[in-house]
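[1] Got a predicted model here, sequence first, then my questions.
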Amino acid sequence: MFDLALLIQGLPLLLAGLWNTIWLSACGLALGFLIGIGVCSLKLSERGALRRLGGAYISVFRGIPLLIQLLFIYYLLPRLGLDVPAWVAAIAGLALCSGAYLAEILRGGLLTLPAGQVEAARLLGLSGRTILTRIELPQALRATLPALLNEVILLIKASSLISAVGLAELTRTAQNLAASSFLQLQFYLAAAVLYCVVNISLALLAGRLERRFAKGRA
Amino acid sequence: MNQSTAKRSAGDVMLEARGMSKRFGEHTVLQDINLSIQRSEVVCLIGPSGSGKSTLLRSLAFLENYDDGEVFVEGELLGYDRARDGRRVRSRPSRLSDVRRNMGMVFQQFNLWPHLSVVENVMEALLRVRGMKSADARRLALTTLEKVGLAEKADAWPNRLSGGQQQRVAIARSLAMSPAIMLFDEPTSALDPELVGEVLQVMRQLAEEGMTMVVVTHEMGFAAKVADRVLFLDQGHIVEQGPPTRLFRHPQSPRLAQFLGNYLERNTLFEAAPAPNHVDD
């Protein structure tokens, strides 16, 4: 059931798969974060049309399973004449989907801020963008750190779905190794451990951040 | 001589409201407000809660958009631009900021930014609006904090300070931008009674230095001693206005007399009944 030699032999492949999982998720999340800020701003806009646009985005990209989104993007892009590699489709899918969730998390964080903080900033002449990036977002991020961490971990795990567009990320690599060696438990366990290492590291990092942020609060 | 005096006083109107009205839905909260505030004048707005005094102050800063009439800040129309067809449109945010550039405001809830230290709170606008270098901004921020007696708290977090200290930081944050007009929206109403004095002291000092101030307050003692003019608001109207001695000693309207009576009664529960003209901190 376990074979150390085969595990060591498969390890470079597993680590390569892990690396794909990490960088594709990281890029997807980074872009998703920007999308999230944008969509969140739309939903908090004073204009009804913009609010509805933000709401529609969230409904669509939160409502459709990530797997369907990935496949749709993967097959849609060539039809639009965009001959892009699979990883572009993967990152686009992860970003569009996580953007919808992150937008709602950030909106929740922004709504907890007293309106007076923004009024004070406006009276001092700070521009809307400065208020967002210097006053609102830093506080919203601190307030929503646990929820953001949840979303990051969920997305890293959901990134196993990008194997559907032909990328050998961690889960797919483990599947391949399991199938070729018939050591299913060994390689799925190895993949499970690697996912855990990444996600627990992230949780520890977030915990440290949280304690650092907490210093300023009475 | 007369002409030059007239000219100077006309140029010295810092803040003016003409026929300004404000509605929340069906409810009219401000009705035909006319108000002109001169340079260095200290005007206190008093009145029962719900009288519209905070809404009036917020409208003078365009934190509330007034519906009718006009507000001018140093001669410039606040919050609206005239469109070509003569109607008016909401100003763009950058234009609004420009008209308000010489206006500072202090709020009941302080509204400091809790993720920034005290000195960073004061520096933020210097850095991002004035475009000052960090070292220069810090120096000016520290000088301003010293003015409100809080230089030693520069690197503290706002939430570690008492309410009175937080409000003084908020005043310093406004002052650092060297405003010509300062608006105060019930600056001591959220404070424990023993912390009120330190904030009023800073405000009194500002008044003595010639700052133009509009203050919504329940501190009748402050209004009596520091204000050049007191406005009594009730149900969205300026019912009565004038120098504090006249308003407090000889209220003309029954509403003001009743309001002052309630105030004196509440504040002298355990003292011998004072003469109506005895108004103190």
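    Looks like it arrived, so ask away.
[2] Kindly report the residues of chain A close to chain B.
    Counting by Cβ under 8 Å from any Cβ of the partner chain, chain A comes close to chain B at A:114, A:116-117, A:119-128, A:130, A:134-135, A:138-139, A:142, A:213, A:215-218. C-betas here are computed from N, CA, C, even on glycine.
[3] Burial check on residue B:160, number of neighbours?
    15 (other Cβ atoms under 10 Å in any protein chain shown).
[4] For stretch A:202-215, list every residue counted as buried.
    The neighbour-count check on stretch A:202-215 (16 or more other Cβ atoms under 10 Å in any protein chain shown) flags A:206, A:213 as buried.
[5] cool, and stretch A:114-125?
    Quick answer for stretch A:114-125 (16+ other Cβ under 10 Å): A:116-125.
[6] can you check stretch A:62-73 too?
    Buried, per 16+ other Cβ under 10 Å, within stretch A:62-73: A:66-67, A:69-71, A:73.
[7] Please list all residues in contact with the spatially most central residue of chain A.
    For chain A, the residue sitting closest to the mean C-alpha position, by Cα atoms, centre = their mean, is residue A:29 at 3.5 Å. Neighbouring residues of residue A:29 by Cβ atoms under 8 Å, 6 or more residues apart in numbering or on different chains: A:94-95, A:98, A:152, A:155.
[8] Now for those residues: which two are most distant?
    Pairwise distances across the contacts of residue A:29 (Cβ to Cβ) peak at 13.0 Å, for the pair A:95 and A:152.
[9] Residue numbers of chain B in contact with chain A?
    Within chain B, the residues that sit near chain A (Cβ under 8 Å from any Cβ) are B:61, B:63, B:93-94, B:97, B:100-101, B:103-105, B:107, B:109, B:111-115, B:117, B:124-125, B:128-129, B:157, B:159-160, B:170, B:173-174, B:177.
[10] could you point out the longest helix in chain A?
    The longest helix of chain A (DSSP state H) is helix A:4-43.
[11] Any buried residues in that one, and which?
    Buried-residue list, helix A:4-43, by 16+ other Cβ under 10 Å: A:6-7, A:10, A:13-14, A:17-18, A:20-22, A:24-29, A:31-33, A:35-37, A:39-43.
[12] Off-centre distance for it?
    8 Å (Cα atoms, centre = their mean, to the nearest Å).
[13] what would the contacts of residue A:29 look like in TSV with pLDDT, neighbour count and secondary structure?
    Conversion of those to TSV gives the following (pLDDT from 0 to 100; neighbours: other Cβ atoms under 10 Å in any protein chain shown; DSSP: H, G, I helix; E, B strand; the rest coil):
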residue	pLDDT	neighbour count	secondary structure
A:94	96	28	helix
A:95	97	22	helix
A:98	96	28	helix
A:152	95	21	helix
A:155	95	21	helix
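[14] count of neighbours near residue B:94?
    10.
[15] Go ahead and confirm it touches residue A:127.
    Yes. Using Cβ atoms under 8 Å, residue B:94 is in contact with residue A:127, at 7.3 Å.
[16] hmm, who's touching stretch B:122-137?
    A:121, A:124-127, A:130, A:134-135, B:113, B:116, B:138, B:140-141, B:144-145, B:169, B:172-173, B:176-177.
[17] In it, which residues are buried?
    Buried residues in stretch B:122-137 (16+ other Cβ under 10 Å): B:122-130, B:132, B:137.
[18] Next: stretch B:216-231.
    Buried residues in stretch B:216-231 (16+ other Cβ under 10 Å): B:216-220, B:222-224, B:226-227, B:229-231.
[19] what is the mean pLDDT for it?
    If you average the pLDDT over stretch B:216-231, you get 94.
[20] chain center to it, what's the gap?
    On Cα atoms, centre = their mean, the centre of stretch B:216-231 falls 11 Å from that of its chain.
[21] end-to-end on it?
    From its first residue to its last, stretch B:216-231 covers 10 Å (Cα to Cα, to the nearest Å).
[22] and for it, what are the contacting residues?
    B:35, B:41-46, B:53-54, B:56-57, B:184-189, B:196, B:200, B:203-204, B:207, B:215, B:238, B:240-245, B:247-248, B:260, B:263, B:279-281.
[23] again, 7 Å this time
    Residues from elsewhere that reach stretch B:216-231, judged by Cβ atoms under 7 Å, 6 or more residues apart in numbering or on different chains: B:41-46, B:53-54, B:57, B:184-186, B:188-189, B:196, B:200, B:204, B:207, B:238, B:241-244, B:247-248, B:263, B:279-281.
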